[in-house]
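**Q** the following comprises the amino acid sequence and a computationally predicted model.
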Amino acid sequence: MTDLISTLADRGFIQDVTPSAEARLKAGPIVGYAGFDPTADSLHVGSLVPIMGLAWLQRHGGTPIALIGGGTGMVGDPSGKRQERPILSVEEIDANARGVEAQLRRLLRFDVANAARIRNNADWLRTLGLMEFLRDVGKHFTVNYMLQKDSVKSRMETGISYTEFSYMLTQAHDFWHLHRTEHCELQLGGSDQWGNITAGIELISRREGAQAHGIVFPLMTTAGGAKFGKSEDGNIWLDPARTSPYQFYQFWLNSDDRDVERFLKLFTFLPLGDIAEVMAAQTADPASRAAQRLLAREVTAVVHGEDEADKAVAASAAVFSGGESDYAALADTMPSVPLSAGDLDDGLPLTDVLVRAGLASSKGEARRGIEGKGFSVNGVVEADVNRRVTAADLRQGRYILLRKGKKHHAMLTVDR
RNA sequence: GGUGGGGUGACCGAGUGGCUAAUGGUAGCAGACUGUAAAUCUGCCGGGCUCUGCCCUACGUAGGUUCGAAUCCUACCCCCACCA
């Protein structure tokens, strides 16, 4: 446990730490948690930071708890948000929670002595009575204290509902609950969670007379200034049904030179020595993008497994080297759209096909893209707006590879 | 409850009766250059079509005035500030 803090610090995880944390971590193994909101049925790459934090905790002998916010999700965390959030139905939250839990189960270890635990705060928050909450939690906080928090202060202009105002208390209650029931003494989170975490520490101190600790991670950004984890298709999800392993691999491969070292430290378990080595290679020959390749391979393997990572590497090599390749293997890892054999009898307009493949959001966009030489079929740029896709375009009898720009691919697969 | 200000496309933000699918900026997409990078330059950037043009839908909501409205009128909803 001794060097958890230094590991995290060396790898760029630490934005802020409560003063007592270091001494406590040196004293022995600890139980720590991080929360995950069930706002969608899949986590996205942004969630990898706290997940890696928990994983490092586990590797240093601690017991990680991944807390799914099935209860707090009903309220909505104002932290880092400029506007009130839409309320999801309980059914949606529960469905999302199931998806998130399945992913967490793959990313943490459950077969070791200090096995990870998964909890859902719906289990205690939904049954918590209002009077009980006001007496046992609300009584310990002054409104003055709550108004000091950034999450509230920054919303005083635009407005914040009582519901979101109260959020920090529900999260504080979670920390207290986990402390009480599982001896959890540490909470990890993004830097926007600082206020919520310290509120929890405060509550534990008041009710239990015990000292709890917090570590927050820096806000993820990219050197280009874009939001981390977003692409033109929206978020980069961990769910392969939403973001194929190939797309996932490509996301990391396209990392900015200025970000790649930081990402290697944050999103892989590679020893710092290995990272320094690959960075040296990268600096010597930037065009090789050795660091990006390693990053993409490693993160894809962590999230989707070794096999999928290998396929993504192979598919990327095939697609970007040009020439004929093993289409069946490509179809397996990249977004693939099924066609029935009959569809091609008369040929399909290319514009329709691009929309179906998700490469264009409307026929008009597809048409404009073709006019701008932005699309290709089987590696050949297509400039004819009226082009039709026919059986003659099939490769290996059943595949057609569509490409948008240089980087975006989709495979049409004819059913047999 | 009162007074004042405000609600425009993904976001910011112009626009006060026709030249407005709506200036500009950001973000995004494509092309050129490159290293599947950055920066830069160029084009695109509500939807559909039988596409040098045509048709829908759109400026908080619902009506109205007008040949014509994001722009004027009425009611309503929501947000903000100050006052009570």
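**A** Ah, there it is. In this text the structure is predicted, and so the values were computed from the model without any measurement.
**Q** in the longest helix along chain A, what's buried?
**A** Counting residues, the longest helix found in chain A (DSSP state H) is helix A:90-107. For helix A:90-107, a neighbour-count test (16 or more other Cβ atoms under 10 Å) marks A:Ile93, A:Asn96, A:Ala97, A:Gly99, A:Val100, A:Glu101, A:Gln103, A:Leu104, A:Leu107 as buried. Quick note: C-beta positions are derived from backbone N, CA and C, even for glycine.
**Q** what residues are up against A:Arg242?
**A** With contact set as Cβ atoms under 8 Å, 6 or more residues apart in numbering, A:Arg242 has these partners: A:Ser42, A:Asn235.
**Q** helix or strand: which one has it?
**A** Using DSSP states H and E, A:Arg242 maps to neither a helix nor a strand.
**Q** on the pLDDT front, check it for me.
**A** At A:Arg242, the model reports a pLDDT of 85.
**Q** ok, A:Gly225 next?
**A** With respect to pLDDT, A:Gly225 scores 58.
**Q** and the one 10 residues further on, by the same measure?
**A** pLDDT recorded at A:Asn235 is 73.
**Q** and the gap between the closest residue to it other than its chain neighbours and A:Asp415?
**A** Spatial nearest neighbour of A:Asn235, excluding adjacent residues (Cβ to Cβ, 6 or more residues apart in numbering): A:His44 at 4.1 Å. Going from A:His44 to A:Asp415 by Cβ to Cβ, to the nearest Å gives 31 Å.
**Q** hmm, back to that, adding pLDDT and distance to A:Lys363, write the buried residues of helix A:90-107 out as a markdown table.
**A** Formatted as a markdown table, those follow (pLDDT from 0 to 100; distance: Cβ to Cβ, whole Å):
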| residue | pLDDT | distance to A:Lys363 |
| --- | --- | --- |
| A:Ile93 | 90 | 36 |
| A:Asn96 | 92 | 33 |
| A:Ala97 | 95 | 38 |
| A:Gly99 | 93 | 32 |
| A:Val100 | 94 | 36 |
| A:Glu101 | 95 | 39 |
| A:Gln103 | 94 | 35 |
| A:Leu104 | 95 | 40 |
| A:Leu107 | 93 | 40 |
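**Q** any weak-confidence spans in chain A?
**A** A:1-2, A:82-87, A:157-158, A:223-227, A:229-234, A:322-325, A:416 (pLDDT under 70).
**Q** the residue nearest to A:Asn235 contacts A:Trp237, correct?
**A** Yes - using Cβ atoms under 8 Å, A:His44 makes contact with A:Trp237 at a distance of 5.0 Å.
**Q** list residues touching both of these two?
**A** Common neighbours of A:His44 and A:Trp237 (Cβ under 8 Å, 6+ apart) do not exist.
**Q** more neighbours: the two, which one.
**A** A:Trp237 (23 against 19; other Cβ atoms under 10 Å).
**Q** and the more buried one, its phi and psi?
**A** phi -90, psi 160 (degrees, to the nearest 10).
**Q** list the contacts of it.
**A** If you count contacts by Cβ under 8 Å, 6+ apart, A:Trp237 has them with A:Ala40, A:Ser42, A:Leu43, A:His44, A:Val45, A:Thr243.
**Q** in the stretch 101-250 of chain A, what residue lies closest to RNA strand B?
**A** Using Cβ to the nearest atom of the strand, the single residue of the stretch 101-250 of chain A nearest to RNA strand B is A:Gly159, 2.1 Å away.
**Q** centre of the chain versus stretch A:408-416, how much separation?
**A** The gap between where stretch A:408-416 is centred and where its chain is centred comes out at 27 Å by Cα atoms, centre = their mean, to the nearest Å.
**Q** so which bits of that stretch are buried?
**A** Those would be A:His408, A:His409, A:Ala410, A:Met411, A:Leu412, A:Thr413, A:Val414, for stretch A:408-416 by 16+ other Cβ under 10 Å.
**Q** nearest residue to the third one in space, please, no chain neighbours.
**A** In space, not counting the residues next to it along the chain, A:Ala410 is nearest to A:Ala357; the distance is 3.9 Å by Cβ to Cβ, 6+ apart.
**Q** hmm, A:Thr413 and that neighbour touching each other?
**A** No - counting by Cβ under 8 Å, A:Ala357 does not reach A:Thr413; the two are 10.5 Å apart.
**Q** shared neighbours, those two?
**A** Taking Cβ under 8 Å, 6+ apart as the criterion, A:Ala357 and A:Thr413 both touch A:Val337.
**Q** this completes my enquiry, with thanks.
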